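J.: what shape does this take:
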Amino acid sequence: MKKRDNIIYWVATLWLALGMTSTGIVQLMGNPAEREMMAHLGYPMYLLTILGVSKILGVVAILVPKAPLPKEWAYAGFAFVMIGAAVSHLALGDPATDLFGPVLLLALTCISWYFRPRGRRIIPNKTL
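T.: All right, here's what the predicted structure looks like:
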């Protein structure tokens, strides 16, 4: 792997981990602003706990060496959650500023996934 690719991977991955961890903690704490946003979007409050736990577990999966299958699931989960958040805001006609967080985290997810080192990828079995 090129040094440049490795730097891109770690910068994107660390920012992604920071973003997902911080939003996961805020969701687990039941922050009033988060509760208000969930009510505005029409989602049940228990979804905050599910999202918070899932984000923190996903960050652990992405940062732990090896274990490529959980990493793939974590990247997919992050993508689904961020796409869902962006679409939810768009469906309600929310201002573009509400899309910034989900779109940024989606971009970081895609960059981190694309530039992940070989040891963090699922290598297909070529013996078939």
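J.: where does this protein dip in pLDDT?
T.: Counting by pLDDT under 70, the chain shows low-confidence ranges at 1, 126-128.
J.: and the helices in it?
T.: Assigned by DSSP state H, the helices in the chain fall at 3-29, 32-41, 46-63, 68-91, 100-114.
J.: out of these, which gets nearest to residue 122?
T.: Counting by Cβ to Cβ, residue 122 lies closest to helix 68-91 out of the helices of the chain; the figure is 4.5 Å. The C-beta positions use only the backbone N, C-alpha and C, and glycine is treated the same way.
J.: could you list every helix and strand in contact with the closest one?
T.: Secondary-structure packing of helix 68-91 (3 or more Cβ pairs under 8 Å, 6 or more residues apart in numbering; DSSP states H and E): helix 46-63, helix 100-114.
J.: could you dump those helices into CSV and include distance to residue 38?
T.: Below are the helices and strands packed on helix 68-91 laid out as CSV (distance: least, Cβ to Cβ, whole Å):
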stretch, distance to residue 38
helix 46-63, 6
helix 100-114, 14
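J.: can I get those in CSV including distance to residue 74 and mean neighbour count?
T.: As requested, those are arranged in CSV below (distance: least, Cβ to Cβ, whole Å; neighbours: other Cβ atoms under 10 Å):
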stretch, distance to residue 74, mean neighbour count
helix 46-63, 4, 18
helix 100-114, 9, 18
